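# dropping a prediction and its sequence here:
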Amino acid sequence: MEFDLSPEQKAMRDAACRFAADQLAPGYAAREREGKLDRTLVRRMGELGLIAPELPGAVGGLGVDCVTAGLVIEAIAGADFNVSYVQLLGSLMGAILVAHGRPEIVHPVVRGICEGRQLVALGLTEPGAGSDAANLTLKARRTNSGYVLDGEKTSISLADQADQIVVFARTGTVEERARGVSAFLAPMTAKGITTSRFDDLGSGAVGRGVVHFDGVEVPHDNRLGEEGRGFSQVMQGFDFSRALIGLQCLAAARASLAETWSYIQQRKAFGQPIARFQGVTEPLAEAETLLSAAELLCYKTLWLRDQGLPHTTEAAMVKWWAPKTAFETIHRCLLTHGHAGYSRDLPHQQRLRDVLGLQIGDGTEQVQKMVIAREKIGRVVLPHG
């Protein structure tokens, strides 16, 4: 594993950093107040190749490696945590569509993702199926022309902003669990789809909510892959997205930590900068150490993926550890700023709230530790049922 970046990787990272600093960072708080993503900014990201750059050139990507995709999301998330969801979901959903969809159906959508013209949501979680993601009840009933979807998805990122949704529905029996789940691509404008939005603590520009399916018709050609294989398809993509989530969270923490190092050199107490007090600097030094270690594990995960090597264990590790470490780091930075950090005038409180959501979404800490244990000693560690 090489620790140096290639000239191409450096150029990609630098382009992402410039875009993030110039066009994203100034509007981070404003987009939360508006409660939506700026689609013009999303299109600019696409024009620069900053959305799902690892996808093949034939569908609008740049064909770069996964490590480079990690560099991009880290740069974007350091300036606006919520805009980085565009790349996160673009990479995850684009890969699912390319791997399992009919080219004539999905390629225009994937090109739209890469160009910043399409936002695609992941419709997996249900009210009774969060961590137990295979326990789905949303039904897909086969008809002569396709399928009819009935049910509800919840905690869906971009629920009221997405253009399309990849929805996972039960085509088999409940007893079949994962083996009876299929995946479909549906436009959010389809008749019978309605949405409602949660009043969440963070990620206001992304928004999470409920997507209701009431007799929604989708053609046979919009099924992704074989019937009954949908769950296994999406699980394969999570190892990649979990590494990206790790970098996404760590980038927000890095931004707060950099601001705090600067602050403690300017803020004075007892006639001297508070940087002179070990009680102030040692927690920050510890945070630097933990962030660096977590970042290395994220990039190791992506490097293993690029080499075609197993990386499920590492992906689960970074998914529980990086968001937790990021949250604790931002919390420390907020406290170090005193009341100013507690106010909405500084971004620490927003980063804290935003990062907290990814200690829940895409698999909780407890589930990730179960995955790690399963990879070490087998399925004996999993609950029965």
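That came in fine, so what should we check first?
# let me see the mean pLDDT of stretch 146-157.
What stretch 146-157 shows for mean pLDDT is 97.
# from the chain's centroid, how far away is that stretch?
Centroid separation for stretch 146-157 versus its chain: 20 Å, with CA atoms, centre = their mean, to the nearest Å.
# can I get the CA coordinates of that stretch in PDB?
Written as PDB, here are the backbone C-alpha positions of stretch 146-157 (Å, rounded to 0.1, in the frame of the first residue of the first chain):
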ATOM      1  CA  GLY A 146     -44.600  -5.300 -14.400                       C
ATOM      2  CA  TYR A 147     -45.000  -4.800 -10.600                       C
ATOM      3  CA  VAL A 148     -47.200  -2.800  -8.300                       C
ATOM      4  CA  LEU A 149     -45.600  -1.500  -5.100                       C
ATOM      5  CA  ASP A 150     -47.500  -0.900  -1.900                       C
ATOM      6  CA  GLY A 151     -46.000   0.100   1.400                       C
ATOM      7  CA  GLU A 152     -43.800   2.600   3.200                       C
ATOM      8  CA  LYS A 153     -40.100   3.500   3.400                       C
ATOM      9  CA  THR A 154     -38.800   5.700   6.200                       C
ATOM     10  CA  SER A 155     -35.700   7.600   7.200                       C
ATOM     11  CA  ILE A 156     -34.900   8.100   3.500                       C
ATOM     12  CA  SER A 157     -32.300  10.700   2.700                       C
END
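# which residue sits closest to the residue positioned nearest the centre of the chain, ignoring its sequence neighbours?
By CA atoms, centre = their mean, the chain has its centre lying nearest to L88, at 4.3 Å. Sequence neighbours aside, L244 is the residue nearest to L88 in space, at 5.4 Å (criterion: CB to CB, 6 or more residues apart in numbering). Placement of C-beta: from N, CA and C, glycine included.
# any idea how far the one you found is from L358?
For L244, the distance to L358 equals 11 Å [CB to CB, to the nearest Å].
# higher neighbour count, those two?
L244 (29 against 26; other CB atoms under 10 Å).
# can you pull the pLDDT of that one?
97.
# residues contacting it?
69-70, 73, 87-88, 91 (CB atoms under 8 Å, 6 or more residues apart in numbering).
# try A183
96, 100, 166-169, 223-225, 229-230, 233-234.
# just the closest of the residues you listed to N135, please.
The closest of these to N135 turns out to be F168 (CB to CB; 11.4 Å).
# that closest one: how many residues sit nearby?
27.
# what residues are up against it?
Contacts of F168 (CB under 8 Å, 6+ apart): 123-124, 136, 138, 181-184, 230-231, 234.
# if we use 7 Å, what do you get?
The contact partners of F168, by CB atoms under 7 Å, 6 or more residues apart in numbering, come to 123-124, 136, 181, 183, 230-231, 234.
# in terms of helices and strands, where is the residue nearest to the centre of the chain?
Taking DSSP states H and E as the criterion, L88 maps to helix 84-100.
# over to A169?
Assigned by DSSP H and E, A169 falls in strand 164-170.
# after that strand comes which helix or strand?
Criterion used, DSSP H and E; the element after strand 164-170 is strand 181-187.
# if you count neighbours, what's buried in that following strand?
By 16 or more other CB atoms under 10 Å, the buried positions in strand 181-187 come out as 181-186.
# quickly list the domain ranges of the protein.
By the assignment in automatic domain parsing, the chain contains the domains 7-118, 121-228, 232-381.
# if we compare the ones you listed, which one ends up closest to M1?
domain 232-381 (5.3 Å).
# how far off centre is that closest one?
The mean C-alpha position of domain 232-381 is separated from the chain mean by 14 Å, CA atoms, centre = their mean.
# how about the contacts of F168, which pair is most distant?
G123 and F231 (12.6 Å).
# would you turn the contacts of A183 into JSON lines with distance to E175 and pLDDT?
JSON lines is the format used below for the contacts of A183 (distance: CB to CB, whole Å; pLDDT from 0 to 100):
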{"residue": "I96", "distance to E175": "26", "pLDDT": "94"}
{"residue": "H100", "distance to E175": "24", "pLDDT": "93"}
{"residue": "V166", "distance to E175": "24", "pLDDT": "96"}
{"residue": "V167", "distance to E175": "21", "pLDDT": "96"}
{"residue": "F168", "distance to E175": "17", "pLDDT": "94"}
{"residue": "A169", "distance to E175": "16", "pLDDT": "94"}
{"residue": "R223", "distance to E175": "22", "pLDDT": "96"}
{"residue": "L224", "distance to E175": "23", "pLDDT": "94"}
{"residue": "G225", "distance to E175": "21", "pLDDT": "89"}
{"residue": "R229", "distance to E175": "17", "pLDDT": "81"}
{"residue": "G230", "distance to E175": "17", "pLDDT": "78"}
{"residue": "Q233", "distance to E175": "21", "pLDDT": "72"}
{"residue": "V234", "distance to E175": "20", "pLDDT": "70"}
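# Throw these into a markdown table and include distance to D362, thanks.
Formatted as a markdown table, these follow (distance: CB to CB, whole Å):
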| residue | distance to D362 |
| --- | --- |
| I96 | 14 |
| H100 | 19 |
| V166 | 15 |
| V167 | 17 |
| F168 | 14 |
| A169 | 20 |
| R223 | 24 |
| L224 | 19 |
| G225 | 21 |
| R229 | 21 |
| G230 | 17 |
| Q233 | 16 |
| V234 | 11 |
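# which of these lies closest to M370?
V234 (17.6 Å).
# do I have it right that the closest one meets L97?
No. Look at V234 against L97 with CB atoms under 7 Å: they stay out of range, at 11.3 Å.
# how distant is the strand holding A169 from the center of its chain?
That offset, for strand 164-170, works out to 17 Å (CA atoms, centre = their mean).
# cool, and stretch 192-208?
Computed by CA atoms, centre = their mean, the chain-centroid distance of stretch 192-208 equals 15 Å.
# show the end-to-end separation of that stretch, please.
Its first and final residues considered, stretch 192-208 spans 19 Å by CA to CA, to the nearest Å.
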